[in-house]
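# Here is the input, now give the coordinates:
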Amino acid sequence: MRVTLHDVSKGRGGQALPTTSLEFHSGAVRFALAETEQRPTVLGLIASGRMRPDTGRVTIDGDADNRALRRTIALVDAPDVSDPHADIPLAGVVGEELMFAGVGATPLHARRWLNQLGFGELAGVAIGNVDPAARVRILCELAILRTGTEGIVLVSPDRHGGSPDGWWRIASEFADRGYAMLVVIGGSAAVALERMHELEAINASGPVEPLVLDLPGGSDPEPEPDSEAEPEPVPDPDPEPDPGPEPAPEPDPEPEPEAEDPDERPATPHADAEHADALGSPPADDEDPAAEPEPNTTGNGGER
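From the prediction side, this is the model:
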């Protein structure tokens, strides 16, 4: 059996349910994404043939037959439609479902059925206080008691809390038993399932907006912040001015000429020799000896 929703929507402008396409079939479990309080129930009603969509169509094995859908697809735990009241004892919920299945529905039958399933100790517990995984197990087991049931649409099991892998593994077990399983969940549960790769959870309608954000196809907006972060390395040119000051340290070798000062000192004695001439002191050895005979001729007084 294969159930397909072709571009179905509900409400003006798709307010109750935006345009949705999905598929689920016997022997497999799929999840469908539906946010807000009412959309999960609306999607469950349409997928099980209990509500007509405003646009699109629903087919079972290629035929648009809502009667066949209602007869073969069980709608389980849909808020305000098929979910039991939270205060009803579990035995009471089981008794009512046994009655719809056409089998013994007395409190004794209900307790016996729970014992066979391994939940006999929960008979007197309010259904609202039952563990989420146990709740899903019990309600799905009750659903397949009805003759002709070949598939289950489980609505919003994530609203009861608990880890998604609990109720997902249970849904997978029913798929292994040959049932067509569709689980309607919210975005957070869908992301959690996709991250649990060992569960191999598959979206019945393929990638959708809330999940595409984690995929490369939907991450187009994400690279924008990445590109904005790239300009941050633009400050790399800032280190370029550092080589600018490098020529400044070049003047440091200028003090080297100071070591040449002792070489320049011979010029100073030359100046001292000139002063020594004026004082009549003997000239330095470096000076020209021809300068000495001039004062001697003057001393002879020959020109006087």
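# in the stretch 201-304 of the chain, which segments are predicted with low confidence?
Scanning the stretch 201-304 of the chain for pLDDT under 70 picks out 206-304.
# Which stretches in this protein count as helices?
Ranges of helices in the chain, per DSSP state H, are 39-47, 66-72, 90-100, 107-117, 132-143, 164-176, 187-195, 209-212, 223-229, 261-264, 267-279, 293-300.
# Check which helices and strands the fifth one sits against.
If I follow you right, that is helix 132-143. With contacts defined as 3 or more CB pairs under 8 Å, 6 or more residues apart in numbering; DSSP states H and E, helix 132-143 has these neighbours: strand 73-76, helix 90-100, helix 107-117, strand 151-155, helix 164-176. In this view, the C-beta of every residue, glycine as well, is placed from N, C-alpha and C.
# TSV please, covering these and showing distance to Met196 and mean pLDDT.
Shown next, in TSV, are the helices and strands packed on helix 132-143 (distance: least, CB to CB, whole Å; pLDDT from 0 to 100):
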stretch	distance to Met196	mean pLDDT
strand 73-76	22	97
helix 90-100	29	96
helix 107-117	26	96
strand 151-155	18	97
helix 164-176	6	94
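# Which one of those lies nearest to Val130?
With CB to CB as the measure, helix 90-100 is the member of those nearest Val130 (6.1 Å).
# just the angle between that closest one and helix 132-143, please?
Interaxial angle, helix 90-100 versus helix 132-143 (axes from the mean of the first three to the mean of the last three CA atoms, to 10 degrees): 20 degrees.
# Report all helices and strands that helix 90-100 contacts.
helix 107-117, helix 132-143.
# residues in contact with the shortest one?
In this case it means helix 107-117. For helix 107-117, contacts defined as CB atoms under 8 Å, 6 or more residues apart in numbering pick out 90-92, 94-95, 98, 103, 120, 122-123, 137-138, 141.
# Could you report the separation of Gly62 from His25?
Applying CB to CB, to the nearest Å, the value for Gly62 to His25 is 12 Å.
# now do Ala16
Going from Ala16 to His25 by CB to CB gives 26 Å.
# Next: Arg57.
Between Arg57 and His25 the computed distance is 17 Å (CB to CB).
# More neighbours: the two, which one.
The neighbour comparison of Arg57 against His25 (other CB atoms under 10 Å) goes to His25, with 17 against 14.
# which residues touch the residue nearest to the more buried one when sequence neighbours are not counted?
Of all residues not flanking His25 in the chain, Arg2 sits nearest, at 4.1 Å (CB to CB, 6 or more residues apart in numbering). Contacts for Arg2 (CB under 8 Å, 6+ apart) come out as Glu23, Phe24, His25, Ser26, Ile60, Asp61, Gly62, Ala180.
# One more pass at 7 Å, please.
Each residue near Arg2 by CB atoms under 7 Å, 6 or more residues apart in numbering is listed here: Glu23, His25, Asp61.
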